[in-house]
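Asker: need a 3D model of the following:
(chains A and B)
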2 protein chains.
Amino acid sequence: MDMITFEEAYRIVMNSVFETDNEIVPFTMSAGRILAEDIICEMEMPPFNRSAVDGYACHRKDLYDKMEVVEVIAAGQVPSKDVLKNQCSKIMTGAIVPDGCDIVFMVEESENLQNGKIRFTGIEPKLNISYKGEDVRTGDVVLKKTRFIKPQDIAIMASFGHIDVKVKKMPMVGVLSTGDELVEPSVVPDLSKIRNSNAYQLLSQVKRAGGEGMYYGIAPDDEEVTFALIRKAIDENDIVLLTGGVSMGDFDFVPSVLRRAEVKILFDRVNVQPGKPTTFGVHSKAVVFGLPGNPVSSFIQFETLIRPFICRMMGHNWNPGRQNLPIAKRYERKSSDRMGWVPVLITKNSEVKAVDFHGSAHLAALAEADGIIAIKTGTNIIEKGEIVSVRQI
Amino acid sequence: MDMITFEEAYRIVMNSVFETDNEIVPFTMSAGRILAEDIICEMEMPPFNRSAVDGYACHRKDLYDKMEVVEVIAAGQVPSKDVLKNQCSKIMTGAIVPDGCDIVFMVEESENLQNGKIRFTGIEPKLNISYKGEDVRTGDVVLKKTRFIKPQDIAIMASFGHIDVKVKKMPMVGVLSTGDELVEPSVVPDLSKIRNSNAYQLLSQVKRAGGEGMYYGIAPDDEEVTFALIRKAIDENDIVLLTGGVSMGDFDFVPSVLRRAEVKILFDRVNVQPGKPTTFGVHSKAVVFGLPGNPVSSFIQFETLIRPFICRMMGHNWNPGRQNLPIAKRYERKSSDRMGWVPVLITKNSEVKAVDFHGSAHLAALAEADGIIAIKTGTNIIEKGEIVSVRQI
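Answerer: The predicted structure is shown next:
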């Protein structure tokens, strides 16, 4: 199978998306989920002519006369008195402006006269009325399908009494590590072994991406056990992530196991660094990504291929945060035969610096990085001052 | 009490920070929390000279001779044979390079000869060895205290077996609404009433900020009931958020209730729009923010004053995401006597446009906005093309 470009890999992955079902959640639990319905306003907002201040409601033509106060209208009360010529009602913020009144002057711009009457003392009168329906009208779409729900949207749902919200189900993502060299983080590794960091990183990335992760442990270098675990993971999930076992080693039988499990492999090498030995296949029940065993490669492949896939499964076109900033000093790489992702940090002066990076197992480089930048196949130098697009990680 | 500037308000709020305690959580649960310890590397990384590829380990001086294969070293195995002159060991990615070998050439650059020997067929040999300790050395600080923990940090904790992680406790935040005009979102409001949207928005903002929210319901316009609820909320939380009841209306007795509850009020008006009637006070047990009843005001005050406060309580200096971009068309506001926060969106061409905004109850404006920009007191025009700093919301 030929090695393909990152762009081709992205296209193939995105063409394999199948959407998750909808489910109903209480609006209070919906932040961070993807909205699966248009939310349509079923009432006018504000629902009545609403006073924007604490003050006195009256007729504008009476503004420069002394006025008699006929009642006090608290927020939440319905006005009970008509306001006639040279009359006003004291009114609180959020209360209904009595019919016919076309201005509310503020308490701070009023004077209580000795005879109990009120006088406007301001200069430039503002109306201070929020008119019924001026913010939103019945039938307006206030929140659109496929939206990532934020706290400000929760307020809108509350306002309209939209307490049951249709959201996309979170894709189920099974994570399985392979390799006899791995031990769990709680174990002190013998010489020649290392702790499994990849799976836990992936589970945390899955959660951040909006998916629901499930861990299937470390498959030993045994084809039958690996086959059984992969079958189980495919059966129980929408996406299966395998880490390790996809290089060219004698024990890298993941590709053959996948074929046996009826996974149709669409690519098995991507011309990108880090992350070349990335495999992608489809099964009638799920898709499978075979990720490199190196944690930096695995991290970057997840952010650039799998995170967009998870979001698109929920109908959402995710855009990573980006900043366009200049490179602080000339960057050079030895070989330019692959597209590269370079971990970078952003300095206090808003310049971009490549972090010291020893290769795809160098986890500490990611901790230091604020983002990654892409460098094209064929390019091995970025000159000082060149503007690059830093993709947040 | 005098009205103060936003900058003064920010300074007063930040000077009132008290830090939360530490707690231990499993590393798998620590993403999104604030790290309360330096994580120090207790082993070399890589822990041994590690092969970066699948290939053959040998002595560089033998590279152009035919070599006998003495063993196959899988990842996770300890080499059992010495590699002598004109010998090599087949080795898998991640396995220990045998002592004395100073190069691993790739399977792809090798030829199996008929006599069972191996020959290097490449041109420019790379070493393909990750040396013990080249990524991280014992005693290095790999993750620093006060850091916001991300998925990539989880991998580091896993690698070092740092399975119990010291993080900052999440500040407890009580939210109490006031006002007889409010009903809960599940209720159909009578004319003159509106649904309580503020509290649910705040609870969602608290969660996003890393705090733990608790809802105390709607306090009616009754001083005794309000007093009892505020006392209870102060008793049970680090931060109490009150919404509504802080204007100049006849039923706005929140300030007097706060004094009675032994809250020392440090400011009660901020020269900012929206959000002028914002109150802040300190109690021996908690701090109290009195927020305007309008949901846009309340949202923005939370993001600009309370979210940084919550993060600082956990020792973390939070920086909102920002982008510096040009204004798409001239922006003008009527009055410039207050500092303003203007909801804006970012167009496909990376220009900034103010969203249609009717005032501080206009929730739909927030849903449309990608961020807010600050406009200084005394300034009422931003010219087309001027660069503004968009703060993500």
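Asker: how confident was the prediction at the residue nearest to A:Asp238 when sequence neighbours are not counted?
Answerer: Nearest non-adjacent residue to A:Asp238, counting by CB to CB, 6 or more residues apart in numbering or on different chains: A:Pro171, 4.5 Å away. Every residue, glycine included, has its C-beta placed from N, CA and C. pLDDT recorded at A:Pro171 is 98.
Asker: got the buried residues for stretch A:375-387?
Answerer: A:Ile375, A:Ile382 (16 or more other CB atoms under 10 Å in any protein chain shown).
Asker: how about the residue in the stretch 101-250 of chain A that chain B sits nearest to, what does it touch?
Answerer: In the stretch 101-250 of chain A, the residue that lies nearest chain B is A:Glu181 (3.2 Å; CB to the nearest CB). Contacts for A:Glu181 (CB atoms under 8 Å, 6 or more residues apart in numbering or on different chains) come out as A:Ser192, A:Lys193, A:Ile194, B:Ala74, B:Ala75, B:Gly76, B:Gln77, B:Gly94, B:Ala95.
Asker: now the residues you listed: which count as buried?
Answerer: Among the contacts of A:Glu181, those classed as buried by 16+ other CB under 10 Å are A:Ser192, A:Lys193, A:Ile194, B:Ala74, B:Ala75, B:Gly76, B:Gln77, B:Gly94, B:Ala95.
Asker: tell me who's in contact with the residue lying closest to A:Gly378 once chain neighbours are set aside.
Answerer: Leaving aside its sequence neighbours, A:Gly378 sits nearest to A:Ser336 (CB to CB, 6+ apart; 5.4 Å). A:Ser336 makes contact with A:Ile375, A:Thr377, A:Gly378, A:Thr379, A:Asn380 under the criterion CB under 8 Å, 6+ apart.
Asker: any stretches of chain A with poor pLDDT?
Answerer: A:246-251 (pLDDT under 70).
Asker: quick check: bridge partners of A:Gly290?
Answerer: In this entry, A:Gly290 is beta-bridged to A:Leu242, A:Thr279, by DSSP bridges.
Asker: that one and B:Val187, how far apart?
Answerer: Computed as CB to CB, to the nearest Å, the A:Gly290 to B:Val187 distance reads 53 Å.
Asker: okay, those two: which has more neighbours?
Answerer: Neighbours were counted for A:Gly290 and for B:Val187 using other CB atoms under 10 Å in any protein chain shown; A:Gly290 has more, 27 against 13.
Asker: so that one sits right up against A:Asp252, yeah?
Answerer: No. Applying CB atoms under 8 Å as the test, A:Gly290 and A:Asp252 come out as separate, 9.5 Å apart.
Asker: before we move on, back to that, wait, which of the contacts of A:Glu181 is closest to A:Arg137?
Answerer: Checking the contacts of A:Glu181 against A:Arg137 by CB to CB gives A:Ile194 as the nearest, at 61.4 Å.
Asker: could you pull out the helices for the stretch 251-393 of chain A?
Answerer: A:254-260, A:295-301, A:307-313, A:363-368 (DSSP state H, counting those that start in this stretch).
Asker: okay, the ones you listed, which one's buried deepest?
Answerer: Of the helices of the stretch 251-393 of chain A, the one with the most neighbours on average (mean count of other CB atoms under 10 Å in any protein chain shown) is helix A:295-301, at a mean of 28.
Asker: and the closest residue to A:Gln323 other than its chain neighbours, how far from A:Tyr64?
Answerer: Leaving aside its chain neighbours, A:Gln323 sits nearest to A:Val390 (4.9 Å; criterion: CB to CB, 6+ apart). A:Val390 sits 60 Å away from A:Tyr64, going by CB to CB.
Asker: more neighbours: which of these two?
Answerer: Taking neighbours as other CB under 10 Å, A:Val390 and A:Tyr64 compare with A:Val390 leading, 23 against 9.
Asker: so that one makes contact with A:Arg322?
Answerer: Yes. Checked against CB under 8 Å, the pair A:Val390 and A:Arg322 is within contact range at 6.5 Å.
Asker: overlap in contacts, the two.
Answerer: Joint contacts of A:Val390 and A:Arg322 (CB under 8 Å, 6+ apart) do not exist.
Asker: which stretches in the stretch 101-250 of chain A count as helices?
Answerer: A:151-159, A:198-209, A:223-236.
Asker: ok, the residue nearest to A:Asp238 - contacts?
Answerer: Applying CB under 8 Å, 6+ apart, the residues near A:Pro171 are A:Thr20, A:Gly210, A:Gly211, A:Glu212, A:Asp238, A:Ile239, A:Ile310, A:Met313, A:Met314.
Asker: with distance to B:Ala365 as added columns, please give these in CSV.
Answerer: Compiled in CSV, the contacts of A:Pro171 are given as follows (distance: CB to CB, whole Å):
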residue, distance to B:Ala365
A:Thr20, 31
A:Gly210, 26
A:Gly211, 31
A:Glu212, 33
A:Asp238, 36
A:Ile239, 37
A:Ile310, 30
A:Met313, 31
A:Met314, 26
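Asker: before we move on, back to that, as TSV, the helices of the stretch 101-250 of chain A with mean neighbour count would be great.
Answerer: Below are the helices of the stretch 101-250 of chain A laid out as TSV (neighbours: other CB atoms under 10 Å in any protein chain shown):
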stretch	mean neighbour count
helix A:151-159	26
helix A:198-209	25
helix A:223-236	18
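Asker: in chain A, which residue is most central in space?
Answerer: A:Phe148 (5.8 Å; CA atoms, centre = their mean).
Asker: how about the contacts made by that residue?
Answerer: A:Phe148 neighbours (CB under 8 Å, 6+ apart): A:Gly32, A:Arg33, A:Ile34, A:Leu35, A:His316, A:Trp318.
Asker: look up how far A:Gly244 lies from the third one.
Answerer: The spacing between A:Ile34 and A:Gly244, counted by CB to CB, is 31 Å.
Asker: check A:Phe6 too.
Answerer: Taken as CB to CB, the span from A:Phe6 to A:Gly244 is 21 Å.
Asker: so which of those two has more stuff around it?
Answerer: A:Gly244 (31 against 23).
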